[in-house]
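J.: Give me coordinates for this.
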Amino acid sequence: MLKQVIEAMDFLDNPTITGKDIIALFGQTSGVSAITKRIQGDEGYTDFIKIIFSGTTGKQAGGITPTLGIIGRLGGIAAYPSRVGLVSDADGAIGAITVALKILEMTKRGNNLPGDVIITTHICPNAPTEHHEPVDFMGSPVDMETMNKHEVSSEMDAIISIDATKGNNIINHRGFAISPTVKEGYILRIADDLMRIMTMTTGKLPVTFPITMQDITPYGNDVYHINSILQPATATIAPVIGLALTAESAVPGCGTGANHEIDLAEAARFVLEVAKEFGSGKCHFYDKDEFSHLENLYGKMTVLQTMGRETY
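T.: Numbers count the residues shown, from 1 in each chain. Next up, the predicted model:
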């Protein structure tokens with residue numbers, strides 16, 4: 001996957017990059033469709049991208065094999081003209097496009113996945129920056145509700161949200177880490193299948209990261225969030241995991257020269273293997289029976305997917 005990482009980074013490292021430039025890479029291939037839509041916000045615009053790969057027995061082909069969603073979550077890939085080059089926050093887009101480039105190559109060779117794969121992200125080379133503790137983040141020209149509207153699809157039966165998660169003092173591991181599964185307001189246990197695949201693809205013990213109740217609530221409710229990695233979980237009933245690109249030290253999301261090719265390649269390879277096994281029914285993001293039992297015992301937790309109840 002290192003080849004695709006280098007290609008994705010080189011392609012995105014351009015102050016005039018647009019969504020149309022990205023989807024042009026995916027044209028003229030059977031079983032692949034790509035669209036882009038520019039959305040104007042209060043602080044500029046961004047180009048949303050959606051790439052759909054049809055599986056051999058997926059829904060696009062009239063089958064029933066589940067669909068995996070892969071979201072490259074970020075504020076912006078760069079902050080031109082105040083900063084030159086890709087920022088740390090670009091990892092989400094780099095990771096998503098890397099996986100898309102690899103699946104495109106596989107598709108052209110007739111090496112198709114069983115289930116459909118939907119990959120979404122957005123491209124903004126001149127995004128704003130914003131203050132955050134312990135280090136500054138990248139902002140976005142559009143709000144989180146708009147991001148979820150264009151990146152989260154009801155067709156996704158499970159979601160991997162890829163996001164740079166280096167701007168904190170909680171994770172002290174260089175590479176990538178996965179979160180517990182989040183579904184409809186519940187933080188569930190970390191999926192054994194995902195840890196197994198992580199061990200297989202990295203050759204090392206799995207690395208996970210903690211999340212809190214605050215992290216799975218929507219932005220804008222005046223509580224602290226580690227970052228936006230689990231915001232897709234506020235807009236879907238599908239199980240969601242966060243795949244965090246991590247560092248030993250706190251790295252600003254708006255810092256340049258902080259995208260690590262080897263880490264991105266390992267993360268993308270993990271995502272691809274999950275896509276293979278999820279479509280084959282060999283990888284599960286959560287235990288359905290246990291989830292039903294939790295809801296029977298404690299009720300719905302979907303209030304955590306909302307802005308909550310105001311207290312006066």
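J.: How many neighbouring residues does residue 98 have?
T.: Neighbourhood size, residue 98 [other CB atoms under 10 Å]: 30. In short, each C-beta sits where N, CA and C put it, glycine included.
J.: Just the C-alpha atoms of the helix or strand it falls within, please, in PDB.
T.: Assigned by DSSP states H and E, residue 98 belongs to helix 91-108. Output in PDB follows, covering the C-alpha atoms of helix 91-108 (Å, rounded to 0.1, in the frame of the first residue of the first chain):
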ATOM      1  CA  ASP A  91      -4.200  11.900   7.100                       C
ATOM      2  CA  GLY A  92      -8.000  11.200   6.900                       C
ATOM      3  CA  ALA A  93      -8.200  12.100   3.300                       C
ATOM      4  CA  ILE A  94      -4.900  10.500   2.400                       C
ATOM      5  CA  GLY A  95      -5.900   7.200   4.100                       C
ATOM      6  CA  ALA A  96      -9.300   7.100   2.400                       C
ATOM      7  CA  ILE A  97      -7.900   7.900  -1.100                       C
ATOM      8  CA  THR A  98      -5.100   5.400  -0.600                       C
ATOM      9  CA  VAL A  99      -7.600   2.600   0.000                       C
ATOM     10  CA  ALA A 100      -9.600   3.800  -3.000                       C
ATOM     11  CA  LEU A 101      -6.600   3.700  -5.300                       C
ATOM     12  CA  LYS A 102      -5.700   0.200  -4.100                       C
ATOM     13  CA  ILE A 103      -9.200  -1.100  -4.600                       C
ATOM     14  CA  LEU A 104      -9.300   0.600  -8.100                       C
ATOM     15  CA  GLU A 105      -6.100  -1.300  -9.000                       C
ATOM     16  CA  MET A 106      -7.600  -4.500  -7.700                       C
ATOM     17  CA  THR A 107     -10.800  -3.900  -9.700                       C
ATOM     18  CA  LYS A 108      -8.900  -3.300 -12.900                       C
END
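J.: Report all helices and strands that the following helix or strand past it contacts.
T.: Per DSSP H and E, the first helix or strand lying C-terminal to helix 91-108 is strand 117-123. Packing partners of strand 117-123 (3 or more CB pairs under 8 Å, 6 or more residues apart in numbering; DSSP states H and E): helix 19-23, strand 44-53, strand 68-72, helix 91-108, helix 144-151.
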